[in-house]
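>>> just to be clear, the model below is a prediction. Sequence and coordinates:
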Amino acid sequence: MRARAGEKPLKASLSDENPLSPILRLTDAFCAARLGPEAAELCHRAAGRLARKRPSPLLRGSPEAWAAGILQAVAAVNCLIGPWGGVTLTIADIADACGVSPGTVASRGRTVRTTLRLEPGDAAWLLSGAQERLPLTVSIRRLFKEARRRT
């Protein structure tokens, strides 16, 4: 897991007393079936960061909706979902797995991406090997963003 410079990696744990447990169980099940263990770690990290926000957005809405939003955000950052050429997931896949509507997936995913300031190709949230799969437009946008940060 890569954290930004000077940032401690935030990761939520899965235990019975943890209020994030229902969210993490759903994300873990989906990642085990479709995305892999590294994506599950990113979902834990996203859930942990959302839980630490004050006030936490996770206090409003169902765990199923937040699990779907976290999955959609992680997939979008890695260009696994959306208007990119090599789409491997659809919003309907996530909606069916979490038991929510596709509109809920899109809405919660947007909330997660906005709250955590996630963008497609964000280096801190990429799965290993995702760099090679990124569309050219995302790679170029990422290079310009990094160049602006350095100046």
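That came in fine, so what should we check first?
>>> got the contact list for the residue most central in space within the chain?
The centroid of the chain falls nearest to Val74 when counting by CA atoms, centre = their mean (2.4 Å). Shown in contact with Val74 (CB atoms under 8 Å, 6 or more residues apart in numbering): Leu35, Ala39, Leu42, Cys43, Ala46, Trp125. Using the backbone N, CA and C atoms, a C-beta is placed for each residue, glycine as well.
>>> tell me where this protein is predicted with low confidence.
For the chain, applying pLDDT under 70 flags the ranges 1-17, 82-87, 130-145, 147-148, 151.
>>> can I get the contacts of Val74 in a markdown table including secondary structure?
Formatted as a markdown table, the contacts of Val74 follow (DSSP: H, G, I helix; E, B strand; the rest coil):
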| residue | secondary structure |
| --- | --- |
| Leu35 | helix |
| Ala39 | helix |
| Leu42 | helix |
| Cys43 | helix |
| Ala46 | helix |
| Trp125 | helix |
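>>> just the closest of these to Ile81, please.
Distance to Ile81, by CB to CB, is smallest for Leu35 among these, at 10.6 Å.
>>> residues in contact with the closest one?
Counting by CB under 8 Å, 6+ apart, Leu35 touches Leu71, Val74, Ala75, Leu80, Leu127.
>>> max pairwise distance over the residues you listed: which two?
Among the contacts of Leu35, Leu71 and Leu127 lie farthest apart (CB to CB), at 13.0 Å.
>>> and the two? which has more neighbours close in?
Higher neighbour count among Leu71 and Leu127: Leu71, with 35 against 19, using other CB atoms under 10 Å.
>>> and the helix or strand encompassing the more buried one, how far out from the chain middle?
For Leu71, the host element (DSSP states H and E) is helix 63-77. Distance of helix 63-77 from its chain centroid, counting by CA atoms, centre = their mean, to the nearest Å, is 6 Å.
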